[in-house]
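K.L.:
Show me how the following folds:
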Amino acid sequence: MSKQSRNRFHVVAFRYNVATHHIFAVMAASTLPDATGVPNVDTGLGYPEHYELRARLGEGGFGEVYEAWDTRLQRSVAIKTIRHGVAESTDLVREARLAASLRHAAFVQVHAIEDNGVRQFIVMELVRGRTLKQILQDEAVPLPTALDWVGQAAEAMCDAHASGLVHGDIKPSNLMVDQDGRVRILDFGLALRQDALATETVSLAEVAATGQTDPQGTIAYMAPERLQGATPDTRADVYALGVILYELVCGKRPFATLHGLALAAALVQTSSDGWDYPETLDAPMIALIRAMTARQPEQRLDSMHEALRRMAELGNTGTMRPSGLHEPMVRRPPKRPIMFAVGALVVATAGIFLWRGLPNLAQLTATTQQALAPYSEAVEIQQGLASLKFFDRPGALETAQRHFERILARTPDNAAAVAGMSLVYSGRYASEHEDETWLQKADASAQQALHLNDQLALAHVATAAVREGQSQFDAAIAECDRALHLDPTNQFAWYIKAETLRRARRYPDARTVLAEAIRRFPRERVFIDELGSVEYEQGNNAAAEQLFRRSISLEPDAATAYASLAGTLLRQGRLDDAARVLQQGLQVRPYANLYVNLGNVLFMRGDYVGAADAFKNAVSSTHGDPRSYINWANLGDTLLWIPGRTQEARQAYDKALRLLAPRLDRAPNDVLLVSRMGLYAARTGDAPRALELNARAIALAPDSADIQFRAGLSYELLGKRSLALAAISRALHLGYPLKYIETEPDLVALRSDPGYHTD
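P.N.:
Just a heads-up that it's a prediction; the model follows:
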């Protein structure tokens, strides 16, 4: 009943028609940040001896951040290393000194700048608490509390503005309520401006492509003039706090259903007078929000002092205190304390707070203007295809569909838009786990696109995606070749061809295609992911690990990469490393394959109850994928090891079998499906079916360690000890990890058999 018997460890891939998908990340770093322990610390860096390093909190382009214990002052701190040779390191230290000049308690404090003659170390306050973003996701905020929090932030910003300093990126994820109930302002200065260790970054180009809410919510809190290219000033900070106040008291941000460029266009074109306000909200509060968020800067409250005065007036009516905002009116202990090594060194001179992680304002202006531009079929196709590249992210398929449908509403015979819709349907087929309706729609649209224009490369790409979904691998590859003959630069054709070759187990050919694709598109992480999957399936775990880490460095918020990296680490027996990576992935967003591998980690630790909870998340409609037969089988495997839950396990297996059966009927020679169905048949006691399927799987792929392992486990479950010993021995010979066999509960008796050998 182990997780190995199901899907092994989840390594996934970006694609349009297969039941697995790929990878994630949170920090723009070349290596994953360490959440626990302090491995691989270079003791030659010369850290000041009175700081004991406790945990690495992050690593970025400018250095590393560690939690540390100051043995002299007996307190926890965060230490940021300024990496040797980094350009502008002198500026970084100078700005840290400027940051230290802000004395308001809301700002993260800089304690010291240490210098060993080779490099600098910036010692900062360690902040624990929850951001407003996290709080808003968890609970409603009472009106007095909302006013108190915004008032605290406004009071602090008064001090900054008086010093000639502007934040420029105030948003819920940059305001934290610490464990004492005080509001703290994060990412004010150095990290916000140029540091990869800032708590949040955003790429508007990606937002434009996916159409999702930008992951950090930056656009929603930017004043309209900033979206049109203006430099941030004090009134832009007032606007941002006004939007946060609106979100706290209304429970959602303005235009909550709009994202990316559509959101930017709405903010530029509309006034906060027209925002939705609850009927129960008092007129003075509405007036305050409107005054803070007026579209024209000259009509907005002209200073943070004025905003604070208006809040104090509301306080005089019994809603909020007029002053002394350091102590909140309502204290609530944080549900999920979080530690930030805020390399958010609090300031610099006016004008240097522009966040270099944000696209330059000229680009933002151009993309906003494009959103407001007249209809263009070429632009719609381009944006639709850009969204498809991120199809494994929430909302991307819907965005792509809107672009293609906009064209088809005007020009029903546009072959490119029809082909684009086919790819959307194939994406839905993949993400909704082989609902045949989507594949049928994809096939019909692909054929229509070919009928309209058989020399359109995208029409052949759409057909290839359908054929791969049908497990017609040779036909899919042929269609990709036709597409590449017409357009050698088509990324979709390169990807689908490589993925199809991998699924057909033609690994040398897949490597050749991927090498060329990576040469052509070196910044596209999906090709790195796919090559990682090839190496993983060949048992080259070290190579796969490096590729998945490389993918994360290219695109730190692609959730699938974290799942794949964790799966590779699990195969190497590195449970703690895998657990750390999974937690980083879950910080990006919930994702079925992350929960699958979290279940694997917990199962291997013997925590069957915890593993079952993780697998339940993997099949839930909110966090996972209820149409995944693999995930249901994972759950069934685990429940069998919890006393009193046998009936639940059988129900999970029944669900898995029902979901797998139509897939196997459609692709009777897909060795992975055959092997898994053979194991599930053994689990349910169908011995004839299990023996037949496992024999067929071994015949299809005699040199696959995974296939041999599943067969051995099936034979053991059926009481066929001699067959089990032979298959397990063969699996070990082919490179199957001994740790998996040694921790497989269903093989306890086999491991005690005199015929069991590990050499």
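
K.L.:
From now on I want contacts and neighbour counts done on CA atoms only, so please keep to that.
P.N.:
Will do.

K.L.:
So, low pLDDT: which residues of the stretch 401-550 of the chain?
P.N.:
Across the stretch 401-550 of the chain, the ranges flagged by pLDDT under 70 are 432-435.

K.L.:
Helices along that one, start to end?
P.N.:
415-431, 436-452, 457-469, 473-486, 491-503, 507-520, 525-537, 541-554 (DSSP state H, counting those that start in this stretch).

K.L.:
Could you save those helices as TSV and add columns showing mean neighbour count and distance to residue 719?
P.N.:
Converted to TSV, the helices of the stretch 401-550 of the chain look like this (neighbours: other C-alpha atoms under 10 Å; distance: least, C-alpha to C-alpha, whole Å):
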stretch	mean neighbour count	distance to residue 719
helix 415-431	28	37
helix 436-452	21	37
helix 457-469	30	36
helix 473-486	21	37
helix 491-503	25	32
helix 507-520	16	35
helix 525-537	26	29
helix 541-554	23	32
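
K.L.:
can you redo these as JSON lines with distance to residue 65?
P.N.:
Below are the helices of the stretch 401-550 of the chain laid out as JSON lines (distance: least, C-alpha to C-alpha, whole Å):
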{"stretch": "helix 415-431", "distance to residue 65": "37"}
{"stretch": "helix 436-452", "distance to residue 65": "47"}
{"stretch": "helix 457-469", "distance to residue 65": "44"}
{"stretch": "helix 473-486", "distance to residue 65": "46"}
{"stretch": "helix 491-503", "distance to residue 65": "37"}
{"stretch": "helix 507-520", "distance to residue 65": "32"}
{"stretch": "helix 525-537", "distance to residue 65": "26"}
{"stretch": "helix 541-554", "distance to residue 65": "17"}
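
K.L.:
of the ones you listed, which approaches residue 280 most closely?
P.N.:
Of all the helices of the stretch 401-550 of the chain, helix 415-431 sits nearest to residue 280, with 40.8 Å by C-alpha to C-alpha.

K.L.:
Can you tell me which helices and strands that closest one packs against?
P.N.:
If contacts are counted by 3 or more C-alpha pairs under 8 Å, 6 or more residues apart in numbering; DSSP states H and E, helix 415-431 sits against helix 377-388, helix 396-410, helix 436-452, helix 457-469.

K.L.:
Of the ones you listed, give the one that comes closest to residue 563.
P.N.:
Of these, nearest to residue 563 by C-alpha to C-alpha is helix 396-410, at 19.6 Å.

K.L.:
ok and the closest one relative to helix 377-388, angle-wise?
P.N.:
The directions of helix 396-410 and helix 377-388 differ by 160 degrees, with axes from the mean of the first three to the mean of the last three C-alpha atoms, to 10 degrees as the criterion.

K.L.:
contacts for helix 396-410?
P.N.:
Applying C-alpha atoms under 8 Å, 6 or more residues apart in numbering, the external contacts of helix 396-410 come out as 210-212, 377, 380-381, 383-388, 390-391, 414, 417-418, 420-421, 424, 427-428.

K.L.:
buried ones in it?
P.N.:
By 16 or more other C-alpha atoms under 10 Å, the buried positions in helix 396-410 come out as 396-408.

K.L.:
now swap in stretch 728-735 and tell me
P.N.:
For stretch 728-735, burial by neighbour count (16+ other C-alpha under 10 Å) applies to 728-732, 734.

K.L.:
Tell me the one of these nearest residue 484?
P.N.:
Proximity of the buried residues of stretch 728-735 to residue 484 (C-alpha to C-alpha) peaks at residue 734, which lies at 36.1 Å.

K.L.:
how near is that closest one to residue 523?
P.N.:
The gap separating residue 734 from residue 523 is 34 Å, by C-alpha to C-alpha, to the nearest Å.

K.L.:
Kindly report the same for residue 647.
P.N.:
For residue 647, the distance to residue 523 - C-alpha to C-alpha - is 49 Å.

K.L.:
can you check residue 713 too?
P.N.:
41 Å.

K.L.:
between the helices of the stretch 401-550 of the chain, which gets nearest to residue 52?
P.N.:
Residue 52 lies closest to helix 541-554 among the helices of the stretch 401-550 of the chain, at 28.4 Å (C-alpha to C-alpha).

K.L.:
How is this structure divided into domains?
P.N.:
Using the TED database, the domain parsing of the chain gives 51-125, 129-317, 376-487, 691-758.

K.L.:
and of the ones you listed, who's closest to residue 610?
P.N.:
domain 691-758 (16.4 Å).

K.L.:
Quick one: end-to-end length of the closest one, please.
P.N.:
Termini of domain 691-758 sit 24 Å apart (C-alpha to C-alpha).

K.L.:
Equivalent analysis for stretch 171-183, please.
P.N.:
Distance across stretch 171-183, first residue to last, is 13 Å (C-alpha to C-alpha).

K.L.:
just stretch 731-738 next, same as before
P.N.:
End-to-end distance for stretch 731-738: 9 Å, by C-alpha to C-alpha.

K.L.:
I'd like the average pLDDT over that stretch.
P.N.:
The average pLDDT within stretch 731-738 is 89.

K.L.:
Run the chain-centre distance for it.
P.N.:
32 Å (C-alpha atoms, centre = their mean, to the nearest Å).

K.L.:
Same check on stretch 479-496?
P.N.:
Offset of stretch 479-496 from its chain centre (C-alpha atoms, centre = their mean): 28 Å.

K.L.:
cool, stretch 290-299 as well?
P.N.:
Using C-alpha atoms, centre = their mean, the offset of stretch 290-299 from its chain centre is 35 Å.

K.L.:
Same question for stretch 421-428.
P.N.:
22 Å.

K.L.:
List of residues touching it?
P.N.:
For stretch 421-428, using C-alpha under 8 Å, 6+ apart, the contacting residues are 15-17, 388, 391, 397, 400-401, 404-405, 438-439, 441-446, 462, 465-466, 469.

K.L.:
show me the contacts for the nearest residue to residue 299 once chain neighbours are set aside.
P.N.:
Setting aside the residues directly before and after it, residue 299 is nearest to residue 291 in space (C-alpha to C-alpha, 6 or more residues apart in numbering), at 7.5 Å. Residues near residue 291 by C-alpha under 8 Å, 6+ apart: 299-301.

K.L.:
Next: residue 514.
P.N.:
494-495, 498, 527, 530-531.

K.L.:
tell me which residues of stretch 740-756 are tucked away?
P.N.:
Of the residues in stretch 740-756, 740-741, 743-744, 746-747, 750-751, 756 count as buried by neighbour count, 16+ other C-alpha under 10 Å.

K.L.:
From these, which shows the smallest pLDDT?
P.N.:
Across the buried residues of stretch 740-756, the smallest pLDDT goes to residue 743, namely 77.

K.L.:
That residue and residue 602 touch, don't they?
P.N.:
No: the criterion here is C-alpha atoms under 8 Å, and residue 743 misses it with residue 602 at 11.9 Å.
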